[in-house]
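[1] Need coordinates for the following:
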Amino acid sequence: MNEIKELRKKRFEFLHLLYKKSGGNSSNIFMEYDDIGKELGFTEEESDKIYHYLNGEGLIKVMAYGGAIVITHEGVVEIENALSAPEKPSEYFPPAMNIIHVEHMEGSQIQQGSINSTQSVENIIKRGEDLKTFLDLLRNKLPELEISPEDKSEIRSDMVTVDAQLNSSRPKGIIIKESLNSIKKILESAAGGMIATELLKCLLSLSSF
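    Numbering: from 1, shown residues only. Reported below is the predicted structural model:
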């Protein structure tokens, strides 16, 4: 039973990473499936099993010889449903809140259950309109940011996650906060530029990080 739980967890991590790397876009060819597994630290055997399962369930699709894959529309829906209700298991995965793979979190922790952290995520949700304004600004300025294509892709993925939460009837502040922390980390690495500094200032004004 524990082996099955671990496999279901890894399937989610695999599909979630593909979702983030593709920006939640089912028309984007991303990479070979075993490269995704390597980034997550999976063995070749684990990646192969996960690839065949997700393909069989229609959550990913093979687009080229050698294993180049895309996330399907059904895969996007499954991940966004999981992120919108992370405390609930889905047909394919266990509760997302227990297994979300958080990028760019060196030296940080996800807090659960404390009064201060609860207040923090509630404040983030209350500032939904301000967040949407910030995302619009970030979306417009992103092409001008002097950061790597990988970092731009990461920011786009985080924006998709925040958008999905803000448009949910039950947004989860902890997911929004971790996505904003990921964006903050990237902007800090490029803070020498005027645009990055402006964006970082706007982001920091939204909540205490």
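
[2] where's residue 165 relative to residue 86, distance?
    Going from residue 165 to residue 86 by Cβ to Cβ, to the nearest Å gives 10 Å. From N, CA and C alone the C-beta is placed, and that goes for glycine too.

[3] So those two - more neighbours on which side?
    A direct count of neighbours by other Cβ atoms under 10 Å for residue 165 and residue 86 places residue 165 higher, at 25 against 17.

[4] residue contacts, the closest residue to residue 90 other than its chain neighbours?
    Closest residue to residue 90 apart from its sequence neighbours, by Cβ to Cβ, 6 or more residues apart in numbering: residue 82 at 5.3 Å. Residues counted as contacts of residue 82 (Cβ atoms under 8 Å, 6 or more residues apart in numbering) are 12, 16, 90, 93, 96.

[5] Could you verify that residue 82 is part of a helix?
    Yes: under DSSP: H, G, I helix; E, B strand; the rest coil, residue 82 falls within a helix.

[6] measure it to residue 21 for me?
    Between residue 82 and residue 21 the distance is 17 Å, computed by Cβ to Cβ.

[7] now residue 146
    For residue 146, the distance to residue 21 - Cβ to Cβ - is 21 Å.

[8] and those two? which has more neighbours close in?
    residue 21 (21 against 11).

[9] what are the ranges of the helices in this structure?
    Counting by DSSP state H, one finds helices in the chain at the ranges 2-21, 33-40, 44-56, 73-84, 115-126, 128-141, 149-166, 173-189, 194-204.

[10] circling back to that earlier point, just the buried ones from the contacts of residue 82?
    Buried members of these, counted by 16 or more other Cβ atoms under 10 Å: 12, 16, 93, 96.

[11] what residues go with each domain of this structure?
    Using automatic domain parsing, the domains assigned to the chain come out as 2-98, 115-204.

[12] List the contacts of residue 142.
    Contacts of residue 142 (Cβ under 8 Å, 6+ apart): 152, 155-156.

[13] and if you look at residue 59?
    By Cβ under 8 Å, 6+ apart, the contact set of residue 59 is 15, 71-72, 74-75, 78, 92.

[14] Just give me the neighbour total for the closest residue in space to it that isn't next to it in sequence.
    Among residues not flanking residue 59 along the chain, residue 75 sits closest, at 3.8 Å (Cβ to Cβ, 6+ apart). If you count neighbours by other Cβ under 10 Å, residue 75 ends up with 25.

[15] Could you pull up the residues touching residue 75?
    Residue 75 is in contact with 15, 18-19, 26, 54, 58-60, counting by Cβ under 8 Å, 6+ apart.

[16] which one of the residues you listed sits closest to residue 183?
    The nearest member of the contacts of residue 75 to residue 183, counting by Cβ to Cβ, is residue 19 at 16.4 Å.

[17] Relative to residue 35, how far out is the closest one?
    Residue 19 sits 15 Å away from residue 35 when distances are taken as Cβ to Cβ.

[18] Now the phi/psi pair for the residue nearest to residue 85 when sequence neighbours are not counted, please.
    With Cβ to Cβ, 6+ apart as the criterion, residue 85 has its nearest non-adjacent residue at 6.8 Å, and that residue is residue 170. According to degrees, to the nearest 10, the main-chain angles of residue 170 amount to phi -130, psi 70.
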